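**Student:** Attaching a predicted model along with its sequence, questions to come.
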Amino acid sequence: MPTYERLPRFIKDFGALSREQQLLFVAAVEKFVADLQAGKRFRKGLQVKGVQGSPGVYELTWADDGRATFSYGKPVRDGETHVIWHRVGTHDIL
């Protein structure tokens, strides 16, 4: 199971989402984690890609106008991916 951390800005952003948006994000993260565990490429629906001008930072699409940014950190447990969540919200966060 991947480990993760949430940066303070992510926590603030998440709290500003509606309950419906939070649930959509959590559902997308479940798919994201399943893909990480399977060691496959991310499914097309998540649209995971690099953020232009920010090397090592990626974006995940969780709704038509829902984005989250993240990076990979140093593993906390051997053999497990560590995800650092940066921001979550609408396309405006990019």
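**Tutor:** Now that the structure is in, tell me what you want to look at. Numbering: from 1, shown residues only.
**Student:** Sketch out the low-pLDDT regions of the chain for me.
**Tutor:** 94 (pLDDT under 70).
**Student:** again, only using 90
**Tutor:** 1, 39-40, 79, 91-94 (pLDDT under 90).
**Student:** At which residues are the strands of it located?
**Tutor:** Ranges of strands within the chain are 3-6, 49-50, 58-63, 66-73, 82-89, based on DSSP state E.
**Student:** Indicate each strand paired with the fourth one and its parallel or antiparallel sense.
**Tutor:** The reference is to strand 66-73. Under the criterion DSSP bridges, strand 66-73 sits next to strand 58-63 (antiparallel), strand 82-89 (antiparallel) in its sheet.
**Student:** swap in the shortest one?
**Tutor:** Sheet pairing for strand 49-50, assigned by DSSP bridges, gives strand 58-63 (antiparallel).
**Student:** go on, the first one?
**Tutor:** Paired with strand 3-6 in the same sheet, following DSSP bridges, are strand 82-89 (parallel).
**Student:** what residues does the partner strand touch?
**Tutor:** With C-beta atoms under 8 Å, 6 or more residues apart in numbering as the contact definition, strand 82-89 has outside contacts at 2-7, 9-10, 13-14, 16-17, 25, 36, 57, 62, 66-76, 93. Just so you know, the C-beta spots here come from the backbone N, C-alpha and C atoms, and that holds for glycine as well.
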